[in-house]
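In: Okay, structure incoming, though there's no sequence with it:
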């Protein structure tokens, strides 16, 4: 998920990825795992990532 580091203040990428991951998992029939390095994320990004994967 290193692409998220380029958008230091943005959360849109994390929210969008959650929807993409769910759709992908449904299409291929297997779970999609997302790994985040919280040390490189601001709090808003961490919260967006958690919301995206409920």
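Out: It's in. As the structure is a prediction and not an experimental result, all values here were calculated from the model. Numbers count the residues shown, from 1 in each chain.
In: out of everything not next to it in sequence, what's closest to the residue most central in space within the chain?
Out: By CA atoms, centre = their mean, the chain has its centre lying nearest to residue 14, at 3.7 Å. Spatially, and ignoring its direct neighbours in sequence, residue 14 is nearest to residue 48 (4.1 Å; CB to CB, 6 or more residues apart in numbering). The way it works is simple: take the backbone N, C-alpha and C, and place the C-beta from them, glycine included.
In: cool, residue 31 as well?
Out: residue 25 (5.6 Å).
In: centre of the chain versus the helix or strand harbouring the one you found, how much separation?
Out: Using DSSP states H and E, residue 25 sits in helix 12-28. Put simply, helix 12-28 sits 8 Å off its chain's centre (CA atoms, centre = their mean, to the nearest Å).
In: now swap in stretch 25-40 and tell me
Out: On CA atoms, centre = their mean, the centre of stretch 25-40 falls 8 Å from the chain's centre.
In: so how far is the first residue of that stretch from its last?
Out: Start and end residues of stretch 25-40 are separated by 26 Å (CA to CA, to the nearest Å).
In: Okay, now the unreliable bits of the chain?
Out: 1-9 (pLDDT under 70).
In: Quick check: most distant residue from the centroid of it.
Out: Outermost in the chain, CA atoms, centre = their mean: residue 29 at 19.2 Å.
In: Now the phi/psi pair for it, please.
Out: Backbone torsions for residue 29, taken as degrees, to the nearest 10, come to phi 80, psi 20.
In: Give me the distance between it and residue 21.
Out: 14 Å (CB to CB, to the nearest Å).
In: Who are the contact partners of the residue nearest to residue 14?
Out: Counting by CB atoms under 8 Å, 6 or more residues apart in numbering, residue 48 makes contact with 11, 14-15.
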